[in-house]
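Peer 1: here is the input, now give the coordinates:
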Amino acid sequence: FHDISNFMCHSMLGPFQFGSNVNFVVGNNGSGKSAVLTALIVGLGGKATTTNRGSSLKVFVKDGETSADVSITLRNRGKDAFKPEVYGMSIIVTQHISMDGSRSYKLKSKTGTLISSKKEELTAILDHFNIQVDNPVSVLTQEMSKHFLQSKNEGDKYKFFMKATQLEQMKADYSYIMETKSRTHEQIEQGVGLLQDLRQHYVEKEECYKSIAFVSEMQTNLEALKHKMAWAVVNETEQEMKPIKDSIDIEEGRTEKYDQKLKEWQVKVNEAEEKYKAIQEKLEKISEEAQALQPQCVCLKADVQAKRKAYNEAEAHYNRSRTELKRLEKDDEQLRKRIEELKNSADQVSESEKLERQKKIAHLKDQLKIVHDQEVMMVQEMDQFQQAVYKSKEEHARLKREELDVKQALDSKQRQLKELTDSKTNRLKRFGQHVPVLLEEIEDAYRKGHFKHKPIGPLGAFISLKDAELTLAVETCLKSLLQAFCCDNHHDERTLQTLMSKFYPSGYRPQIIVSRFRNEVYDVRPRAVHHPEFPSVLTALEIDNAVVANCLIDMRGIETILLIKSNPKAREVMQRNRPPKNCREAFTAEGDQVFERRYYSSDNTRPKFLSKDVEAEIRLVSSPALLDQNVLVLVWILGYLFNFLRKKCFLFQMKIRRINIEIADLENVEEHQSVDISTLEDEAQENKHKMESVKRDMEQQRGKMEDLKNILRMAEHKLEEIKEKLHQVEEIASPVKDELNQADLEVEKSKHHWQHYEEKQKEHLASIQKLKGELAAKEKELKEKIAQATQICPQRIEVNRTVKSLDTEMNRLRDKINSKRDHHGNREEIIKQLIEAKDKYQDADGKVKNLKKFIKLLDQIMTQRYKMYQQFRRCLTLRCKFYFNFLLCQRSYSGKMSFDHKNETLSITVQPGDINKAALNDMRSLSGGERSFSTVCFILSLWSIAESPFRCLDEFDVFMDMVNRRIAMDMMLKMADSQRHRQFIFSKSALEIGLIRILRMQDPERGQTTLNFQRKHQEEEED
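Peer 2: Next up, the predicted model:
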């Protein structure tokens, strides 16, 4: 079985099964034939250079992939099987190649069980089966064939012959042995000279031993001094323990002080927490009051709107009645005039004039009807616009009420706009118009020595954000701290206050924080919040100054505050689940503040100090004023339209009256007999009744309007009272919120001081523990010194001398003893040197004798082995010639192989046809097909003299014509048939005959990642 994946340019080759004897792998160029043989070499441990496809294994990994895999199954049957009880009837060799060029092996049994992952085990298997993947007799690649067989150099052919028969390896082994023999001979010559020196040294030491003498008195004195020295060391150790005990007593006396400080700050923490809780309860009560007033406010607003609508409708009805009364009064006046004219008229009119007047009267009545309809529509439109005008007036009134607030807001925006415009050239002006000048004053005062340490501020100038979306959240969190200054001591604080008084009125100066300056940021890792998704304020900021970072940690605890952009996510992290460890609160990107059990919305809509996009801030500040102006323009437009419609309606009424007058004039021309004066008088009487009815209705509507107006005023008054209460509650809540934040800061500050003294106490206790540890070590050391002294001198000696003085006298005495021993020699040392010199001499003498025997024996063996090597080489040469000539004769070729072992050349001469008709020619004069056939004969002759369990040839017939290809194929198949115990794998572009097993590889299509195999003439594998 052969399974290849991500190898060279192929995603998948196989799995497929080779037959036990002859196998053909056929396919067009690029289908993966050569990749199969290359994978066989690499998969069985061959080097990358052996394949001639690259210098490193990483070139075999397909582009775009991270690794390649090659799996090969070896047959493991019969009496020569390798560890059959472990591997079974087959051995699976799997190799994994990484893209960095490294590879790993897995040797598995037939069942897939992993047996070993070591290269040594694979080497043992290959040696057992005589598999040589780097031997061209076993695997002959195209590159190897081109280099050795197609080469015109006779030396290359000779190297190929030597490599195939392994004579090259034997020759290299013999050369290595001869080099080793030469180096060994040189070592023997050096050893002989060294042996003489060792013998002379041994004789000198023996003479010195005979002349040695002893010095006893000084040795006895030295022993007495050693006894004193032992107990003197004990005395000094006891003296060193005394200051340690004194330090422990002093430190233990200071423990009570730290305990007292901790208790004091614990009380302050408790008081601050109680104060915070009380303020929080107060704020919650205020919030409850505001929430209770909110529904009343909503109801009253709806009530006011309903009452205002009723009043507007009554007012519109009253106005329509008044218009109707005016019209009736004009009609009454016209009727009276008409009756008077009819009574005084006495003229007669012709019949034709009467008809003309009647036609004109009919036409004018039609116009009157049309204009009357238009008047009705106009009145309806006026009613609609009157409602819109009333609403606009109401909005206008609301704007009037808010005019003061708008002006104040505009003034604030103008100031902010001016600050933003100035900050485009000087960023410090965002913290206040006077800040740049104040900083110059501080710098000047520092140069003059008025400050011990230069104050740092404003703190916001030293801060920048890693994520601009969190700017509002950070500003809401830090608030006034962004404009604060930090001083190292109270003297500098007073000096800074004096400078600030020049620029800020009392009660409006920036906050001044007094804290000892440190060049390193606090290590807050034990008490900081750590979240895998959201940063803390400390980690979200880039702070240029360690003092600023420490100040914000002390005053605001920025290491314990999370920044979460999404409001729902912030509620989920802080309130739905338990807050993360060490997390007190969180801020959202909109500036909302989130605690574990409460949530405060931010009043700010955009950042003021830390924003980097100044132009965008200027646009945002400028835009709201335009919105307010648009509302005022809308009110004016609505009023204008209403007045326009009212004027238009008045024109329609004038037109109706004019038409009525014309009709009346035409009717007045009629004869006195045709005019019914009584009818006009009845009409005038009816018109008076209508006028009286309209007047009564107007009086009722006026009373109703007064009642509705009073009711509306009362409702508006109640609404204003509720709004005032809400405003008062909000005004009360605002300082309470500030008070709550201040109380929170006091809690954190108290906790910080408590933690500070707790750490100090821990350090204090650790120092005591360290001293006790040192004392225990000294006591242990003292016991050891006493034990050592007891071993040297069991009885304790009172010693008044110091260790240094005793050591000086002992060194002086040793010098005297050594001086005497230098002159006479030390007995023990002399004996030791004598024994060493004797051992070295005897050891060197034995080695020299053994090496001489080894060289003599090696000469005999190498002489015999070299003769056998020459004989074996001659035998292989003759066999190769014989098989070569035999194979040439099968096609009636004649040839000759000439070996020159001295010059290491191999010449091959071949003549097609009868040897008697033509002279032998060199292979270079043959055609491509004939030369390839001769090369095949050469390969087959090497196959006959070299052993290998399988033979692999890649594109062996590429240069042959059809006749030579068929003959070469028959020769190879014949040899394969005669060697049924071997496996043959041939790679060809095409095959026209059927044999045991043929694996046809299809051309890869575009986008295809797996190559499918088509098996032909498949037979069952022999057992």
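Peer 1: other residues contacting stretch 265-284?
Peer 2: 598, 733, 736-737, 739-740, 743-744, 746-747, 749-751, 753-754, 757 (CB atoms under 8 Å, 6 or more residues apart in numbering). Yep, even glycine has a C-beta here, placed from its N, CA and C like the rest.
Peer 1: point to the helix or strand of the protein where mean pLDDT is at its lowest.
Peer 2: strand 1013-1016 (a mean of 40; mean pLDDT, DSSP states H and E).
Peer 1: so where's the stretch 451-600 of the chain shaky on pLDDT?
Peer 2: Residues of the stretch 451-600 of the chain meeting the criterion pLDDT under 70: 507.
Peer 1: got the end-to-end distance for stretch 126-139?
Peer 2: Start-to-end span of stretch 126-139 (CA to CA, to the nearest Å) is 14 Å.
Peer 1: what residues sit buried inside it?
Peer 2: 126, 129, 131-139 (16 or more other CB atoms under 10 Å).
Peer 1: what's the closest of the residues you listed to Gly88?
Peer 2: Phe129 (15.4 Å; CB to CB).
Peer 1: tell me the contacts of that closest one?
Peer 2: 74, 80, 82, 949.
Peer 1: and if you look at Asn710?
Peer 2: No contacts exist for Asn710 under CB under 8 Å, 6+ apart.
Peer 1: sticking with it, tell me its helix or strand.
Peer 2: helix 677-792 (DSSP states H and E).
Peer 1: tell me the gap between that helix and the middle of its chain.
Peer 2: Remark: helix 677-792 is offset 40 Å from the chain centroid, using CA atoms, centre = their mean, to the nearest Å.
Peer 1: now swap in stretch 130-140 and tell me
Peer 2: 50 Å.
Peer 1: then stretch 31-44?
Peer 2: With CA atoms, centre = their mean, you get 41 Å for stretch 31-44.
Peer 1: next one: stretch 495-505
Peer 2: With CA atoms, centre = their mean as the basis, the mean position of stretch 495-505 lies at 48 Å from the chain mean.
Peer 1: which residues touch that stretch?
Peer 2: 434, 437-438, 441-442, 445, 450-451, 455, 485, 487, 509-510, 512.
Peer 1: run the last query once more with 7 Å
Peer 2: Residues outside stretch 495-505 that contact it (CB atoms under 7 Å, 6 or more residues apart in numbering) are 434, 437-438, 441-442, 445, 450-451, 455, 485, 487, 509, 512.
Peer 1: also stretch 530-550?
Peer 2: For stretch 530-550, using CB under 7 Å, 6+ apart, the contacting residues are 456, 459, 462-467, 470, 474, 477, 486, 515, 517-522, 528-529, 558-559, 561-564, 580.
Peer 1: give the buried residues for it.
Peer 2: 531, 534-541, 543, 545, 547-550.
Peer 1: mind checking which of these land in helices?
Peer 2: Members of these lying in helices (criterion: DSSP state H): 537-540, 547-550.
Peer 1: sorry, back to before: mind giving me the ChimeraX command for buried ones among the contacts of stretch 495-505?
Peer 2: Buried members of the contacts of stretch 495-505, defined by 16+ other CB under 10 Å, are picked up in ChimeraX with:
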select :434,438,441,442,445,451,455,485,487,509,512
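Peer 1: out of the contacts of stretch 495-505, list just those in helices.
Peer 2: 437-438, 441-442, 445.
Peer 1: quick one, longest helix in this protein?
Peer 2: helix 217-344.
Peer 1: follow-up on the earlier one: out of the ones in helices among the contacts of stretch 495-505, who's nearest Glu121?
Peer 2: Taking these together and measuring to Glu121 by CB to CB, the closest member is Ile442, at 79.0 Å.
Peer 1: for the nearest residue to the closest one once chain neighbours are set aside, what are its contacts?
Peer 2: Leaving aside its chain neighbours, Ile442 sits nearest to Pro455 (5.8 Å; criterion: CB to CB, 6 or more residues apart in numbering). Under the criterion of CB under 7 Å, 6+ apart, the neighbours of Pro455 are 442, 485-487, 492, 496.
Peer 1: how about the helices in the stretch 451-600 of the chain?
Peer 2: Secondary structure of the stretch 451-600 of the chain (DSSP state H, counting those that start in this stretch): helices located at 471-478, 490-500, 537-540, 546-556, 567-571.
Peer 1: one more: the stretch 751-900 of the chain?
Peer 2: Going by DSSP H, counting those that start in this stretch, the stretch 751-900 of the chain shows helices at 803-824, 827-889.
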